[in-house]
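In: Structural data only, the sequence is not supplied:
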């Protein structure tokens with residue numbers, strides 16, 4: 001019997017499942033919004049504003065953006081881990097990526113609830 005010592009960041013199945021789950025959430029959102037836009041057919045700013053004034057649409061749109069940004073985080077983090085070898089540079093890129101994605105999430109919330 002060989003005892004293996006598993007090393008590394010231990011990313012793998014959990015992140016693979018999370019990325020697939022976020023993709024499903026974004027796909028379902030796309031279908032919902034496609035149906036809403038086919039039904040409402042907004043052609044003015046006021047009509048678009050009316051679509052997003054609905055609390056359910058605001059909520060699912062925010063969930064879409066959170067899913068999008070988490071999906072991006074998993075992908076970009078893996079790129080930094082696979083291709084950026086200097087640890088300090090990789091850490092800096094991780095921090096900058098996280099800061100940007102958290103900022104984008106706050107920005108999306110501010111836009112959605114400003115309407």
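Out: Ah, there it is. The structure presented is a predicted model; accordingly, all values stated were derived computationally and were not measured.

In: ok, now how distant is residue 100 from residue 31?
Out: Counting by C-beta to C-beta, to the nearest Å, the gap between residue 100 and residue 31 amounts to 28 Å. No exception for glycine: its C-beta is placed from N, CA and C like everyone else's.

In: Just want to know which of those two has more residues nearby.
Out: residue 100 (14 against 9; other C-beta atoms under 10 Å).

In: quick one: contacts for the more buried one?
Out: Residue 100 makes contact with no residue under the criterion C-beta atoms under 8 Å, 6 or more residues apart in numbering.

In: per-residue confidence at residue 48?
Out: The confidence metric pLDDT takes the value 94 at residue 48.

In: Hmm, residue 41 and it touching each other?
Out: No. Taking C-beta atoms under 8 Å as the contact criterion, residue 48 and residue 41 are not neighbours in contact, 10.7 Å apart.

In: Run through the chain and note the low-pLDDT ranges.
Out: 1, 4-11, 115 (pLDDT under 70).

In: Comparing residue 48 and residue 41, which residue is more hemmed in?
Out: Between residue 48 and residue 41, counted using other C-beta under 10 Å, residue 48 has the larger neighbour count: 14 against 9.

In: Three-state assignment for residue 95, please.
Out: With DSSP: H, G, I helix; E, B strand; the rest coil as the basis, residue 95 sits in helix.

In: Tally up the residues packed near it, please.
Out: Residue neighbour count, defined by other C-beta under 10 Å, stands at 10 for residue 95.

In: Next up, the contacts around it.
Out: Contact partners of residue 95, counting by C-beta under 8 Å, 6+ apart, are absent.
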